[in-house]
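**Q** Okay, predicted coordinates and the sequence, questions at the end:
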Amino acid sequence: MSSPLLINAAELLRRPGSERLVELQTTVGELGIEDDPRLEADAEVDVRLRLESLTDGIVIDGVVRAPWVGTCRRCLEPAAGIAESDVQELYQLVLTDPEAFEIVGDQLDLRQMVREIVLLDAPATPLCRDDCAGLCPVCGVDRNTVVCTCEPDRADPRWDALSELRAQLDAPG
Ligand SMILES: [Zn+2]
Ligand SMILES: [Zn+2]
């Protein structure tokens, strides 16, 4: 069974300067990503690339989209989204660039490249949404759904000291 992530590039390599568009879907599991709580095995990863051949390799640019899940760092509710990553990579017949991937047997193996991007761009400390209001530091309610009347100053221990002092002054001597 051949993987859709294995691209035969013989045709491209014969004609430097030629282009090919590649659109494919794979899954987190097919990429060989396991045990990453942000990435569910059956989550579908969308890959759209433009391949352009050089005399000694192939330049790739495009976009990879991968769904992620997590816990919002502010309100602690479930969070989910799609990480969209710009791709710019080089595949070479003979590796001279330390960042490049190797072309083996006229084939581009996109698997490792896409896996690295998906792992890198899934957020480590996500937000459920950009303007998440988070939890109230005083009473702990989720301020996205509940309006509380807490004033942040009330949590300041200096007020306790002041009111204690006032109570002492007011107390009949
Ligand atoms: Zn949130
Ligand atoms: Zn509150």
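**A** Structure's in. What do you need? Ligands and ions are numbered 1, 2, ... in the order given.
**Q** Could you use CA atoms for every contact and neighbour count after this?
**A** Will do.
**Q** ok, now which ones touch the residue nearest the centre of the chain?
**A** The residue lying closest to the centre of the chain (Cα atoms, centre = their mean) is residue 122, at 2.0 Å. The contact partners of residue 122, by Cα atoms under 8 Å, 6 or more residues apart in numbering, come to 38-39, 66, 68, 83.
**Q** now swap in residue 72 and tell me
**A** 78-79, 125-128.
**Q** so which pair among those is furthest apart in space?
**A** Farthest pair in the contacts of residue 72 (Cα to Cα) is 78 and 125. Separation: 11.8 Å.
**Q** Residue 116: how many residues sit nearby?
**A** 12 (other Cα atoms under 10 Å).
**Q** tell me which residues of stretch 112-122 are tucked away?
**A** Under the neighbour-count criterion of 16 or more other Cα atoms under 10 Å, stretch 112-122 has 114-115, 117-119, 121-122 buried.
**Q** With only the CA atoms kept, save it in PDB.
**A** Coordinates of each C-alpha in stretch 112-122 appear next as PDB, following Å, rounded to 0.1, in the frame of the first residue of the first chain:
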ATOM      1  CA  GLN A 112       8.300  13.500   8.300                       C
ATOM      2  CA  MET A 113       8.000  17.100   7.000                       C
ATOM      3  CA  VAL A 114       4.300  17.300   7.700                       C
ATOM      4  CA  ARG A 115       4.700  15.600  11.100                       C
ATOM      5  CA  GLU A 116       7.300  18.100  12.200                       C
ATOM      6  CA  ILE A 117       5.000  21.000  11.300                       C
ATOM      7  CA  VAL A 118       2.000  19.600  13.000                       C
ATOM      8  CA  LEU A 119       3.900  18.900  16.200                       C
ATOM      9  CA  LEU A 120       5.500  22.300  16.200                       C
ATOM     10  CA  ASP A 121       2.400  24.400  15.500                       C
ATOM     11  CA  ALA A 122      -0.200  22.800  17.800                       C
END
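**Q** Close to ligand 2: what parts of the protein are there?
**A** Counting by Cα under 5 Å from the ion, the chain comes close to ligand 2 at 136, 138-139, 148, 150.
**Q** do that again at 6 Å, thanks
**A** Counting by Cα under 6 Å from the ion, the chain comes close to ligand 2 at 136, 138-141, 148-150.
**Q** Top of the residues you listed by number of neighbours, please.
**A** The most crowded member of these, judged by other Cα under 10 Å, is residue 136 (20 neighbours).
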